[in-house]
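In: Have a look at this prediction, sequence included:
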Amino acid sequence: MEVMTCGGLIFNKCSKYKVFVKNTSSSSLSHPYSMESRLAAELVHFLVTVIEELITCGLSHSYTNGGSQNDKGLVIGLWNPAKFFTYTHVPEDSTSSFQYRTHLFQSSSAEIKSLASDPKNAVIFAYIGDSIYMYKNFSIWQNKSSSISLLYKGISSSFGKIAFDYVSNNIYWCDPLLQWIAMKPAYNLNHTIYKVILQKDLNYPEGLALDPVNRFMFFSDNGPNPRIERVSLDGQDRETIVFVGLIKVIALSVDISNKKLYWTDYGKHTMEVSNYDGSSRRVIKLINFGFMADLVYYQGILHLVSSRQKGVYGFNVISGLQLYGRTLNFGQPYAIAVYDAETVRTYKDPCNTMACGQLCINAKSGPRCLCAEGFKLASDGRNCAGYNDCQNVYLSTIHDK
């Protein structure tokens, strides 16, 4: 059980505002009133203290070392001006609460192209411009971050998506113009530690979705022969699963429990679904929202954003019925992510047993150590060695034991 403290109060992070104990001095018990009066007085004093501490410490919806099981919502990336827009609950239909918060960027011209979330660590990952950033200590309710870190810089000018492996804590991205898919440890701020895991026979990779539990990656290649492919998280075991009747698939999402793959085809104006192997494919709905920039699956609903219509919409994945639609008058939405700590807290990372020097991927065959670009795996299968042309010497990285 995870707890957090503030001013002597101890809170259960898995239960909203639940207080377990308050340290009180022995002198507070030596009160001249009756037992009942003393207890009542202590209770009132205690509740007042709780409220004061909550206000002072900002614990109502802000967390210092991870998300809350009760912190759920949608995070949307807007352009013109650039901002994070969050719904403080995940909408289910038109009667849902659409309370929201906004957080303006310092640069109003920033282009938020893709989002991914790690609520268990209170983090939002954002692909902005040519870089991937990590927003730490993020809160759906306050919609702000106490610090921002640059993870990677140098993505070509395009609309490739990012995705987060919440089991092994790796971030993946598509680079359509460089024609590759790459990854890096999400919490390693060394920009040079990244790995291109897929490049052969790629034309224009854009859409990206991960199933870290079943160890699959899905991506769309919008080249001359558009297709959707499935590979293991290390880029191996590659298989084309959909290759007929596609024009331009920009966004993908997965239902891990039922092993379903969802996508929007911008060229056909369709929202579609298939099994993980491409079978049982069907059109969920024909939609005409212009540029369908992004979508995300969550508990039987597909949430979609349209930059042209400046809207966010929810659709039932079985019937295609539109459950809600909201116009966003604050900017153009290009990215959307679900923020729900409850769905990612129960998985153990197999890479914790590997002690890899640079990178670890939970591949189909199990956890596997890899090395960043410019390095090769050493003979021990864990550490990495590279060649420095400037100094004409070999370099190595050794994992600290």
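Out: Looks like it arrived, so ask away.
In: which residues of the stretch 301-401 of the chain score low on pLDDT?
Out: 345, 387-401 (pLDDT under 70).
In: now swap in the chain and tell me
Out: Within the chain, the ranges that satisfy pLDDT under 70 run 1-70, 143-146, 345, 387-401.
In: Try it again at 80.
Out: 1-70, 106, 142-146, 289-290, 343-346, 386-401 (pLDDT under 80).
In: Outline the domain layout of it.
Out: 3-57, 72-344, 351-397 (automatic domain parsing).
In: Throw these into JSON lines and include mean neighbour count, thanks.
Out: Bear in mind the C-beta positions are built from the backbone N, C-alpha and C, glycine included. Formatted as JSON lines, the domains of the chain follow (neighbours: other C-beta atoms under 10 Å):
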{"stretch": "domain 3-57", "mean neighbour count": "13"}
{"stretch": "domain 72-344", "mean neighbour count": "19"}
{"stretch": "domain 351-397", "mean neighbour count": "16"}
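In: Now do the same for Lys120: helix, strand or coil?
Out: helix (DSSP: H, G, I helix; E, B strand; the rest coil).
In: roughly how far apart are it and Asp71?
Out: Distance of Lys120 to Asp71, given as C-beta to C-beta, to the nearest Å: 10 Å.
In: Give me the common contacts of those two.
Out: Ala341 (C-beta atoms under 8 Å, 6 or more residues apart in numbering).
In: Provide the partner residues of the residue positioned nearest the centre of the chain in its beta bridges.
Out: For the chain, Ser117 is the residue whose C-alpha lies nearest the centre (C-alpha atoms, centre = their mean; 2.1 Å). When bridges are called by DSSP bridges, Ser117 pairs up with Ile124.
In: Looks like it contacts Val123 (just checking).
Out: Yes: using C-beta atoms under 8 Å as the test, Ser117 is close enough to Val123 to be in contact (7.1 Å).
In: Now for the two: what residues contact both?
Out: The contact sets of Ser117 and Val123 do not overlap (C-beta under 8 Å, 6+ apart).
In: now Tyr347, nearest residue through space, not along the chain?
Out: Val167 (4.8 Å; C-beta to C-beta, 6 or more residues apart in numbering).
In: Quick check: the one you found touching Asn352?
Out: No: counting by C-beta under 8 Å, Val167 does not reach Asn352; the two are 10.4 Å apart.
In: Was I right to think Leu210 contacts Arg230?
Out: No: with contact defined as C-beta under 8 Å, Leu210 does not reach Arg230; the gap is 11.0 Å.
In: list the residues that contact both of those two?
Out: Joint contacts of Leu210 and Arg230 (C-beta under 8 Å, 6+ apart) are 216-218.
In: which among these gets closest to Tyr204?
Out: Phe218 (15.6 Å; C-beta to C-beta).
In: Could you look up the SS state of the closest one?
Out: Here Phe218 is recorded as strand under three-state DSSP.
In: Relative to Gln199, how far out is it?
Out: Between Phe218 and Gln199 the distance is 17 Å, computed by C-beta to C-beta.
In: do Gln322 as well
Out: Gln322 sits 39 Å away from Gln199, going by C-beta to C-beta.
In: Quick one: residues contacting Val338.
Out: Counted by C-beta under 8 Å, 6+ apart, Val338 has contacts 72-75, 90, 117, 296, 298, 303.
In: quick check, it in a strand?
Out: Yes: counting by three-state DSSP, Val338 falls inside a strand.
In: Bridge partners for it, pull those for me.
Out: Under the criterion used (DSSP bridges), Val338 bridges to Leu74.
In: what sits against the residue nearest to Ser306 when sequence neighbours are not counted?
Out: Excluding its sequence neighbours, the residue lying closest to Ser306 (C-beta to C-beta, 6+ apart) is Phe289, at 3.7 Å. Contacts for Phe289 (C-beta under 8 Å, 6+ apart) come out as 269, 304, 306, 308-309, 311, 313.
In: among those, which two are most distant?
Out: Most distant of the contacts of Phe289, by C-beta to C-beta, are His269 and Gly311, 14.9 Å apart.
In: Val254 and Thr88, how far apart?
Out: Between Val254 and Thr88 the distance is 25 Å, computed by C-beta to C-beta.
In: got it, and Gln142?
Out: 10 Å.
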